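> Attaching a predicted model along with its sequence, questions to come.
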Amino acid sequence: VQLVEFGGGLVQAGESLRLSCVASGYAFDVYTVAWFRQSPGKEREAVACLSYRDGSTYYTDSVKGRFTISRDNAKNTVYLQMNSLKPEDTAVYYCAAGPLLASTQDKYAYWGQGTQVTVSS
């Protein structure tokens, strides 16, 4: 099982960025997918999660209304559309896959290597 993230970079506050995560090696459509992020000195936190069962989603409060998680099972890809970015969104973003919709990292068995997102003020 491999997850590879794409799309990180440096943007200015207020701009948008879309992250992609391509999965290989397993039946992608039977896993919940999630995006986590970690900035220096902070714990890794769940940003957005999307259940394969019924499409239920979870968003951390700080990104509600700005970020959208979606998936394309035909392309084995999960996306994170990030709008109205803020400097506090700066972090390494990781995609993850697991059996259940959860906001804790211990519920996810598979992880990508991470992609850096930097938002300048």
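Now that the structure is in, tell me what you want to look at.
> tell me the pLDDT at residue 73?
We have a pLDDT of 87 for residue 73.
> quick one: it and residue 29 touch, right?
Yes: Residue 73 is within contact range of residue 29, at 4.2 Å (criterion: CB atoms under 8 Å). Bear in mind the C-beta positions are built from the backbone N, C-alpha and C, glycine included.
> ok, the residue lying closest to residue 101 once chain neighbours are set aside to residue 12 distance?
Leaving aside its sequence neighbours, residue 101 sits nearest to residue 51 (CB to CB, 6 or more residues apart in numbering; 4.1 Å). Per CB to CB, to the nearest Å, residue 51 is found 33 Å from residue 12.
> Then residue 76?
32 Å.
> quick one: which of those two has more around it?
residue 76 (17 against 10; other CB atoms under 10 Å).
> hang on, that one packs against residue 25?
No: contact criterion CB under 8 Å: residue 76 and residue 25 do not qualify, at 9.5 Å.
> Wait, the residue nearest to residue 101 touches residue 102, no?
No: between residue 51 and residue 102 there is no contact under CB under 8 Å: 9.6 Å.
> Report the set of residues contacting both of those two.
Common contacts of residue 51 and residue 102 (CB atoms under 8 Å, 6 or more residues apart in numbering): residue 32.
> Show the model's pLDDT score for the residue nearest to residue 101.
92.
> List the residues that contact it.
By CB under 8 Å, 6+ apart, the contact set of residue 51 is 32, 57, 100-101.
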